[in-house]
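Chemist: sequence and predicted structure, then a few things I'm wondering about:
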Amino acid sequence: MEGNTPIGPPDRELPAESPAGELLIEPPAGEQAEPPEESSGLLQRPEKASGMALASMILSLLGLFCTLTALVGLTLGIIELVRIKNGESSEKGKGMALAGVIFGALVVAVVIIILIVSLVSGGLSFEFDTSS
């Protein structure tokens, strides 16, 4: 038995190899090769919501404990909604960005209302007692 003899029927040729080492399989004589079908999306990576949309929602919710984070969440949500509108970001994050904008705006509005009511009613006083 020779060392380089291919195993298989003698009337068939082995597929050729490309320079990259990939097997090139040609269609049988008289048939045309069909172009590859469009991808069905099964192997494609699913589109994810952006991190900015998620951060907007989380920071707006944390605004219940610290108003500054609600302002940051509100800002990030507005930026992300503009990016989605311009096609620069995934549509999947639109709900989270919108929730961040709404909740951040509510928290900021409530804090402003509380400050105004406190100042008008005298609940917050910025007078200093210097009589001691």
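Modeler: Cool, the structure landed.
Chemist: show me what contacts the nearest residue to residue 96 once chain neighbours are set aside?
Modeler: Spatial nearest neighbour of residue 96, excluding adjacent residues (CB to CB, 6 or more residues apart in numbering): residue 53 at 4.0 Å. Bear in mind the C-beta positions are built from the backbone N, C-alpha and C, glycine included. Listed by CB atoms under 8 Å, 6 or more residues apart in numbering, the contact set of residue 53 reads 76-77, 80, 89, 93-94, 96-97, 100.
Chemist: this protein: strands as residue ranges?
Modeler: Remark: strands of the chain, listed N- to C-terminal, are 16-17, 23-24; assignment by DSSP state E.
Chemist: from residue 111, how far off is the nearest residue to residue 49 once chain neighbours are set aside?
Modeler: Excluding the flanking residues, the one nearest residue 49 by CB to CB, 6+ apart is residue 93, at 3.5 Å. Distance check for residue 93 against residue 111: by CB to CB, to the nearest Å, it reads 26 Å.
Chemist: any stretches of the protein with poor pLDDT?
Modeler: Filtered on pLDDT under 70, the chain yields the residue ranges 1-46, 124-126, 128-129, 132.
Chemist: which helices and strands does the top helix by length along it pack with?
Modeler: Scanning the chain for the helix with the most residues, using DSSP state H, yields helix 94-121. With contacts defined as 3 or more CB pairs under 8 Å, 6 or more residues apart in numbering; DSSP states H and E, the secondary structure elements packing on helix 94-121 are helix 51-62, helix 67-85.
Chemist: run the angle between the last one and helix 51-62 for me.
Modeler: Inter-element angle recorded for helix 67-85 and helix 51-62: 150 degrees (by axes from the mean of the first three to the mean of the last three CA atoms, to 10 degrees).
Chemist: can you report how many residues neighbour residue 57?
Modeler: 26 (other CB atoms under 10 Å).
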